[in-house]
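**Student:** sequence-free structure coming up:
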């Protein structure tokens, strides 16, 4: 610390003043580079300035904003400003958050709002009965200077009770020192923001890990360079990957389709289709793939776009082998209508059989539980008339209508409405029915409630967007 007072008069040459200030600047920068923090350097800086200008006391405060956005000051160092030894120790301790100044009409508040220095000399004594607490020095003169970083006010330096008052020249002499301190204070703010982002990122990682670990489907999340950002245990199980998911993070998926193609019944078709999807970068839903061991999977592909920038994508695989095997068995049964009805009546899924015009002829109890409508209420009506509502996707409705007209099989995901008005999502598999001679006689639709799955997927997409927005990258 320097004990050389800064006297602004003819007895001091400009070179002497600059030498003192240069020494203070050098010490502050060296201590910061040596690992000192601004909280530990603030008091030595304040003490040095007080010695330079021969002021009695003062404080250094950081400019902050509360939750409502209102500016205020919080001290980072203060000297001789406590009322007694107990409060002095309290505000000087490392656990202290400092004093707060929120009155924008005070001299400190004026500097905070105007970003202009303020000098008050010959401050009158307080009126009788308004004396300061014991140990609190009387305020005779004041210099309050904004600590700037470019155009941004990051703090305020307050000095009080200089013997002969404060001259405007002091502002210029102290400016280099405050400029350096403002830069360091700004850098600390950036560091704190980075640390807060790291905490938020860790919390998001925990939420994401918990969510995808519990999903009843395989999930693989890749970034724009096709590096693995996340993979869950179910994905590893579906594709017979022995390594634990965490080991795969950061792996390159550029050749994944080629290296895993033998797991699929049509290896080259699988590789070609993956390349088509990745090139198009268009969402794909409920696409069916057959594995070499006979399992049947459905997959979704969802590109992640931020504005116009492609950030990556994720694959979502579900094992639908049992459902598809059940459908295949039903298609080969004799006396199809009767036997389909017997099977459908025993399944928990909703099953409805219609004529060629799409009007209900029969439904099982599962359909009644799913929709709230009984066979008596539904007979002779088209399901869309009483199940679809304002949020039902018109494009999906049009796809179903076209499949009915062409008498083709179809898989669709649809938002329906229960009799009580509650909305829910279903995956519907539509199959044309034929009699023993091969003539079309109607349709069978199997509906599976996927509301929870749809909710989980929507939550996952929101978490992925936050995750990538924070710059998370396994590289």
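**Tutor:** Looks like it came in fine. In this text, all values refer to a predicted model and were calculated from it rather than measured experimentally. Residues are numbered from 1 along each chain as shown.

**Student:** state whether residue 237 is indeed within a helix.
**Tutor:** Yes. Residue assignment for residue 237, taken from DSSP: H, G, I helix; E, B strand; the rest coil, places it within a helix.

**Student:** which residue packs closest to it, ignoring adjacent ones?
**Tutor:** Excluding the flanking residues, the one nearest residue 237 by CB to CB, 6 or more residues apart in numbering is residue 218, at 7.4 Å. Every residue, glycine included, has its C-beta placed from N, CA and C.

**Student:** might you report the residue contacts of the one you found?
**Tutor:** By CB atoms under 8 Å, 6 or more residues apart in numbering, the contact list for residue 218 reads 232, 234, 235, 236, 237, 238, 239, 315, 316, 317, 318.

**Student:** what strand or helix carries the second one?
**Tutor:** For residue 234, the host element (DSSP states H and E) is helix 233-238.

**Student:** pLDDT on that helix, on average?
**Tutor:** Mean pLDDT, helix 233-238: 90.

**Student:** just stretch 142-162 next, same as before
**Tutor:** Taken as a whole, stretch 142-162 has a mean pLDDT of 89.

**Student:** pLDDT weak spots in the chain?
**Tutor:** Within the chain, the ranges that satisfy pLDDT under 70 run 1-25, 27-42, 80-98, 126-137, 208-209, 211-213, 327-348, 436, 464-475.

**Student:** longest helix in it, by number of residues?
**Tutor:** helix 169-213 (DSSP state H).

**Student:** hmm, residue 263 is touching residue 291, no?
**Tutor:** Yes. If you go by CB atoms under 8 Å, residue 263 and residue 291 touch, sitting 6.0 Å apart.

**Student:** between these two, what contacts are shared?
**Tutor:** Counting by CB under 8 Å, 6+ apart, residue 263 and residue 291 have no shared contacts at all.

**Student:** now, of the contacts of residue 218, which are buried?
**Tutor:** For these, a neighbour count by 16 or more other CB atoms under 10 Å gives the buried set as 232, 234, 235, 236, 238, 239, 315, 316, 317, 318.

**Student:** would you turn those residues into JSON lines with distance to residue 391?
**Tutor:** JSON lines is the format used below for the buried ones among the contacts of residue 218 (distance: CB to CB, whole Å):
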{"residue": "232", "distance to residue 391": "29"}
{"residue": "234", "distance to residue 391": "29"}
{"residue": "235", "distance to residue 391": "31"}
{"residue": "236", "distance to residue 391": "36"}
{"residue": "238", "distance to residue 391": "32"}
{"residue": "239", "distance to residue 391": "35"}
{"residue": "315", "distance to residue 391": "27"}
{"residue": "316", "distance to residue 391": "22"}
{"residue": "317", "distance to residue 391": "27"}
{"residue": "318", "distance to residue 391": "24"}
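
**Student:** what's the closest of the contacts of residue 218 to residue 457?
**Tutor:** Using CB to CB, residue 316 comes nearest to residue 457 of those, at 7.0 Å.

**Student:** for the closest one, list each beta-bridge partner.
**Tutor:** Using DSSP bridges, the bridge partners assigned to residue 316 are residue 219, residue 300.

**Student:** phi, psi for the residue nearest to residue 262 when sequence neighbours are not counted please.
**Tutor:** Excluding its sequence neighbours, the residue lying closest to residue 262 (CB to CB, 6+ apart) is residue 292, at 6.6 Å. Dihedral angles of residue 292 (phi, psi; degrees, to the nearest 10) stand at phi -60, psi -30.

**Student:** which residues are in contact with stretch 276-283?
**Tutor:** Here stretch 276-283 makes contact (CB under 8 Å, 6+ apart) with 284, 300, 301, 302, 303, 310, 313.

**Student:** between those, which is closest to residue 187?
**Tutor:** Set against residue 187, the nearest of the contacts of stretch 276-283 by CB to CB is residue 310 (33.3 Å).
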